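Peer 1: Predicted model, plus sequence, below.
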Amino acid sequence: MKDKAADLAIVSNKTFEASTAVNLHHYDISSALQTSLEFNELISIFCNKIQNTIPHNGVEYINEEFDLEFKRGVMARHSCSYALKVEEQQLGELKLTRSNRFSRDELKMLESLLCCLIYPLRNATLFQQALKMAFTDPLTKTNNRTAFNDCLLREIKRAERNSQHLSLIFVDVDHFKHINDDYGHGCGDLALSSLAGWLKDSVRGSDAVFRYGGEEFVILLSDTDIDGAMVIGERIRADIESHTLAYGMDVLNLTASLGVASLKGSDSPESLIKRADAAMYQAKQHGRNRIEVGY
Ligand SMILES: Nc1nc2c(ncn2[C@@H]2O[C@H](COP(=O)(O)OP(=O)(O)OP(=O)(O)O)[C@@H](O)[C@H]2O)c(=O)[nH]1
């Protein structure tokens, strides 16, 4: 007679206890991961939670879509890396390192635990994408006016707290209406997106450039006084003038008028904007393709 027991997987209370323990661990990790929508925080929570099960010394997480590189601990000789994705959506790459090899069982366990991380990372991706869209101008891919208002308030507070300078430059394309009228809106749009690229190249961080509206951009310069802002503004003016724009068979040149203002003790965001904007209008009145200061 065939030994029936030989065909059966053994289920004992030991297995039950082990799987319950594993499920509880998964549950504990999943619950902890629900508390954040920030990539770095999610990775930290996950690695803290798995430290006892899969000891490791170093963690690296790279997410190219969000230009993110998170490192923690000490990088060591042995590593295991995972490209994380769900339904073809890339969620970044996670690498754990330590001085001794990861065992096969540990890797199996890690792969199972990573399932807890995937969906929170996907939620974070969707949230961060929505956030990015809400603060980005779709045509020029610069920060939009909402982002500017947010950022200006933060920068004013920071400048006041640290007794630092803060300056603003308004940049408005000259006779932009003619570009639309003479070459069409497609050309106007190309001019605006090209200009945004030149502006980003002219300043330290591309985050400092905002589309304020229409053909008007604003640049926020932290820790920069009025003299420094004038130097940067003049460089931007000359840079715009020196570029040529090719549109089909046409070649165009742009110029812009700029207004500069620096934060004073009594300034509100509105009064600082008003001075920079008024200076820009003065530059228009004084012949365009020039820079003026709003005192
Ligand atoms: N193609 C395009 N045109 C835009 C966009 N936003 C605003 N404009 C146009 O920008 C033009 C701005 O014209 P005006 O305010 O008269 O200014 P200007 O012609 O640049 O003249 P000055 O500022 O006085 O030198 C208008 O014709 C708007 O329609 C856009 O996103 N794309």
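Peer 2: Perfect, thanks for sending it.

Peer 1: Get me the contact residues on the stretch 151-295 of the chain for the ligand.
Peer 2: 172-177, 180, 185, 188-189, 192, 214-215, 284, 288 (C-beta under 6 Å from any ligand atom). C-beta here means a position set from N, CA and C on the backbone, and glycine is covered the same way.

Peer 1: Out of those, which is nearest to S36?
Peer 2: Nearest to S36, judged by C-beta to C-beta, of these is L192 at 36.7 Å.

Peer 1: where's that closest one relative to A283, distance?
Peer 2: As judged by C-beta to C-beta, to the nearest Å, L192 and A283 stand 19 Å apart.

Peer 1: which of the two has more neighbours?
Peer 2: A283 (26 against 22; other C-beta atoms under 10 Å).

Peer 1: That one contacts S257, correct?
Peer 2: Yes: look at A283 against S257 with C-beta atoms under 8 Å: they come within range, at 3.8 Å.

Peer 1: Report the set of residues contacting both of those two.
Peer 2: Both A283 and S257 are in contact with 290-291, where contact means C-beta atoms under 8 Å, 6 or more residues apart in numbering.

Peer 1: Check which helices and strands the host helix or strand of M133 is in contact with.
Peer 2: Assigned by DSSP states H and E, M133 falls within helix 104-134. The contact analysis (3 or more C-beta pairs under 8 Å, 6 or more residues apart in numbering; DSSP states H and E) places helix 104-134 against helix 13-33, helix 39-50, strand 78-86, strand 89-98.

Peer 1: Quick check: the gap between the closest residue to R275 other than its chain neighbours and the ligand.
Peer 2: Spatial nearest neighbour of R275, chain neighbours left out: G294 (3.4 Å); criterion: C-beta to C-beta, 6 or more residues apart in numbering. Going from G294 to the ligand by C-beta to the nearest ligand atom, to the nearest Å gives 17 Å.

Peer 1: And D105, how far from R98?
Peer 2: For D105, the distance to R98 equals 15 Å [C-beta to C-beta].
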